[in-house]
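Asks: below: sequence and its predicted model.
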Amino acid sequence: MSAKEEMLTLNLKIWRQEDRNDKGRFVDYKMEGVSTDSSFLEMIDMLNDELVKEGKDPVSFDHDCREGICGSCAMMVNGQAHGPNALTTTCQLHMRSFTDGDTIVIEPWRSRAFPVLKDLKTDRSAFDKIIAAGGYISVNTGNAQDANNLPVSKENADLAMDAASCIGCGACVAACPNASAMLFTSAKISQLAQFPQGQVEAAERASNMVREMDELGFGNCTNHAECEAACPKGIDLRNIAHMNREFLKAKVKGK
Amino acid sequence: MGFKLDSKIPEGPIQEKWEKHKFKCKLVNPANKRKFNVIVVGTGLAGGSAAASLAELGYNVKSFCIHDSPRRAHSIAAQGGINAAKNYPNDGDSVWRLFYDTVKGGDYRAREANVYRLAQVSNNIIDQCVAQGVPFARDYGGYLANRSFGGAQVSRTFYAKGQTGQQLLLGAYSSMMRQVNKGKIQLYTRREMLDLVLVNGKARGIIVRDVITGDIERHTADAVILATGGYGNVYYLSTNAMLSNATAAWKAYKKGAGFANPCFTQIHPTCIPVHGDHQSKLTLMSESLRNDGRVWVPKDKGDKRHPNDIPEEERDYYLERIYPSFGNLVPRDVASRQAKFRTDEDRGVGKTGLAVYLDFSEAIKRDGKEAIEARYGNLFEMYERITDESPYKQPMRIYPAVHYTMGGLWVDYNLMSTIPGLHVLGEANFSDHGANRLGASALMQGLADGYFVIPYTLGDYFNNHDLEPVDTNHEEFDKAEKEVKERIDKLLSIQGTRTVDDFHRSLGKIMWDNVGMSRNEARLKEAITEIQKLRAEFWKDVKIPGKAEGINDELEKAVKVADFLELGELMARDALERVESCGGHFREESQTPENEALRDDENFAHSAVWEFKGEKEAPVRHREELKFENVPLTQRSYK
Ligand SMILES: Cc1cc2nc3c(=O)[nH]c(=O)nc-3n(C[C@H](O)[C@H](O)[C@H](O)COP(=O)(O)OP(=O)(O)OC[C@H]3O[C@@H](n4cnc5c(N)ncnc54)[C@H](O)[C@@H]3O)c2cc1C
Ligand code: SF4
Ligand code: FES
């Protein structure tokens, strides 16, 4: 479509793993005629199309919106979570970011808390468990007052929006040497703390979510900042500091 | 057989119907609620809000979705916003106006009473979402900001950057997860519903496949709620997410739920054009862009010059020319059709000729680049990422794409289908949008259904029906499970030569060419024959590697495409029978001399509701007559 369209030949090294219990291995594939206008996932679609025609098992990966918003897609591309481009999910990565003859290594997220289910698909339900532990404001349907009765400064609203942009993809965990889920968890905690109604449970929320996070086997934060670099939504590291403050408050309160 | 279509619209003036109905709905006392089990399939805005609200009331909820997390439902992708009649900007909005606009925008093919209720509860939705911590845009005083959207003349759209669906869904999801934590919702992710189970004529359970293990499971309940989204993916390429599908609704149809207005599909005017054969989906460019972008094509046919080299006087700003009062803000169906007319007459642009320009140069000149960036920065970036062209420097190329389905399972005022106990919410029902949905009203409808309607009407169902205990050993479960397994085995045994995607692409082409933006009798008939042929071929020649156990992505796709191949035919039939143009359904036989859609209220002021009669028999078309007592029937005009 674009004026600059080119066709690429690529060498792919893809992690193949039958199921949870399989040890897994890299398999090499050669791809020809990949348009630079294609997305990264469309390139894998092409490969899968060929595999299926040969009666072989296609490469399994999670994906849905293909617009960078659902957080389904999740791949290590050449050792980087979501590939080489900053602020870009795997599905938004385009082949024009690669050059003819490139070798591309594709792996699943590697983290104890996200076991591999098959090939590039992992189980990220641990994130849901962290949210279930407290990632909400406890308001039942019907309890609400008129929305404009609670003014919130634009600054706070914007901070909340930035933190709320997290898509739950898990790249932060995959990129972290300790497989810590701090960036994800802190984003939710600081989003909700920006609102007056969110402050009621703020300390308790932080304490419950952090406890759950630890129990699920995520590691600790030792300030590598790899998470922030890998995050496709630009979630700010300062959220972690915010979370730690809330967590301390909870401790002081003995929660 | 045959079903009776009783819409159960309450008596009385339209303003009082819902209040009175709520009062008449029998209540289930709190201690008894925990005796009822409810299955909710789908965790989008509709399913997520329903599951959370019902669990809060005390019902035991089992929630199912195909995704690995409820938070990933397709609703997450909605960009533009959600409507409500708050009238915060003091610009003349009201419940009545939102009601009126929605009925008119839907080209008078929706039920007045439902639409009125939708407008009434719209305000509660905003309150609820704000209370949950949804970060809507605000102005400097700290109050909520609004914008105008999609053909509305008031600013009633609430938004959270270009990520409104995401934020609303995360709100519903967090409420759901709170109930998961309390043990009131049991969550079943990565499950695909493959059949509905009826016991003594009532919906009492579902059969699902665990897409990780491949296990087929049975689940019972006292009522089943489907909130499984729309079926736009029949067309293969659409703006819907890849996993969006019609299977749950289609199985319900085959078990006796009426399917209403399947031909009512919405083709959205501003999407990024198709670029090549390997394309997997289409990307929407939010409609809000039409607030500042001007749509044009070259006046000369086949003009291949770079857009920036085409002088002002050689451009045709056709929407402004044809519709001076609405200009670029005409409703979606009108904007899409006009784009198609232009490309049909060889005035389309870009390599394929299947695109028109959306130009921001004037807005940039007027308001400055910064102002435009603040408004649309993320959309421009998304466009550039995909096309490698900057909308700051040259006009965007856009083209219509399938986006939303107004048709769906028929429901009465209580949101119950023709199967007792089966309720349908959100895009999956035939909804309140008639023949054309206005921008920012799908999110409103999904949340209205889930937060504010079903919590009342479901209790009434429980009170009015005797529900005998049913367990998963019931013979109806045996039967349904056996059928599901046989179908899977059949699919896997074919081992033909063509991939599932290949069939899906072929179906998409038939649908787009014949059941798309412009339809006529001959092509609709042809589509029916073509789809039947393709379906027969699918069952002889599809190739699916792997087995029924464990993860099998191709099998998952095949299950969905097999159902699309049946639904596509029903859509064409419905389009064929509706010999009028209304909203997104444009029959060439029924147009004004200026090529505008011409409704035929005398013969078609009804919803068409299809009844399944068996694999070998043609389905039967029933009607629910629509009465317009509050919004007078007029031909829409946006001139
Ligand atoms: C790109 C885009 C932008 C949009 N922008 C707007 C906007 O700005 N404003 C607006 O009002 N509307 C917008 N819409 C429309 C709106 O987003 C949808 O109509 C709405 O979100 C549908 O919500 P839902 O809850 O009915 O279904 P969905 O969100 O589609 O959820 C369906 C759920 O059902 C589950 N499911 C489906 N099938 C099965 C099965 N067989 N078994 C188990 N689970 C199943 C899925 O896992 C999912 O959880 C947009 C749509 C698109 C495509
Ligand atoms: S914080 Fe960023 S990387 Fe982590 S889950 Fe959220 S969006 Fe993904
Ligand atoms: S597929 Fe949704 S974020 Fe990539």
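Replies: Done, it's in. Numbers count the residues shown, from 1 in each chain, chains lettered A, B, ... in the order given. Ligands and ions are numbered 1, 2, ... in the order given.
Asks: which residues does stretch B:351-358 contact?
Replies: By C-beta atoms under 8 Å, 6 or more residues apart in numbering or on different chains, the list of residues contacting stretch B:351-358 from outside reads A:1, B:270, B:273-274, B:285, B:289-290, B:293-297, B:307, B:339, B:342-343, B:346, B:348-349, B:391, B:395-399. In this view, the C-beta of every residue, glycine as well, is placed from N, C-alpha and C.
Asks: what pLDDT, on average, does that stretch get?
Replies: The average pLDDT within stretch B:351-358 is 94.
Asks: check stretch B:77-92 too.
Replies: On average, stretch B:77-92 scores 96.
Asks: that stretch near ligand 3 at all?
Replies: No. Using C-beta under 6 Å from any ligand atom, stretch B:77-92 stays clear of ligand 3, coming no nearer than 7.9 Å.
Asks: ends of that stretch, how far apart?
Replies: 30 Å (C-alpha to C-alpha, to the nearest Å).
Asks: can you tell me the SS state at residue 177?
Replies: All of this refers to chain A. coil (DSSP: H, G, I helix; E, B strand; the rest coil).
Asks: what's around it, how many residues?
Replies: The tally of other residues near A:Pro177 (other C-beta atoms under 10 Å in any protein chain shown) stands at 9.
Asks: nearest residue to it in space, please, no chain neighbours.
Replies: With C-beta to C-beta, 6 or more residues apart in numbering or on different chains as the criterion, A:Pro177 has its nearest non-adjacent residue at 5.7 Å, and that residue is A:His224.
Asks: re earlier: from the contacts of stretch B:351-358, keep the buried residues only.
Replies: Burial by neighbour count, 16 or more other C-beta atoms under 10 Å in any protein chain shown: within the contacts of stretch B:351-358 this picks out A:1, B:270, B:273-274, B:285, B:289-290, B:293-297, B:307, B:339, B:342-343, B:348-349, B:391, B:395-399.
Asks: just checking, which of those belong to strands?
Replies: Members of the buried ones among the contacts of stretch B:351-358 lying in strands (criterion: DSSP state E): B:Thr270, B:Arg294, B:Val295, B:Trp296, B:Val297, B:Met396, B:Arg397, B:Ile398, B:Tyr399.
Asks: max pairwise distance over those residues: which two?
Replies: Distances among those were taken as C-beta to C-beta; the most separated pair is B:Arg294 and B:Tyr399, at 16.2 Å.
Asks: contacts only, for the nearest residue to A:Gln80 once chain neighbours are set aside.
Replies: Excluding the flanking residues, the one nearest A:Gln80 by C-beta to C-beta, 6+ apart is A:Ala230, at 7.0 Å. Residues near A:Ala230 by C-beta under 8 Å, 6+ apart: A:Gln80, A:Ala81, A:His82, A:Ala171, A:Cys172, A:Ala174, A:Ala175.
Asks: my guess is B:Ser325 contacts B:Lys639, does it?
Replies: Yes. B:Ser325 is within contact range of B:Lys639, at 6.2 Å (criterion: C-beta atoms under 8 Å).
Asks: dihedrals phi and psi, B:Tyr88?
Replies: Note on B:Tyr88: backbone dihedrals following degrees, to the nearest 10 are phi -60, psi -40.
Asks: ok, the most centrally placed residue in chain A to ligand 2 distance?
Replies: The structure's chain A has its C-alpha centroid closest to A:Cys169; by C-alpha atoms, centre = their mean the separation is 1.9 Å. With distances taken as C-beta to the nearest ligand atom, to the nearest Å, A:Cys169 is found 4 Å from ligand 2.
Asks: element containing that residue?
Replies: Assigned by DSSP states H and E, A:Cys169 belongs to no helix or strand.
Asks: show the pLDDT at it.
Replies: 98.
Asks: what's the local residue count around the nearest residue to it once chain neighbours are set aside?
Replies: Spatial nearest neighbour of A:Cys169, chain neighbours left out: A:Gly71 (4.1 Å); criterion: C-beta to C-beta, 6+ apart. Neighbour count for A:Gly71, taken as other C-beta under 10 Å: 27.
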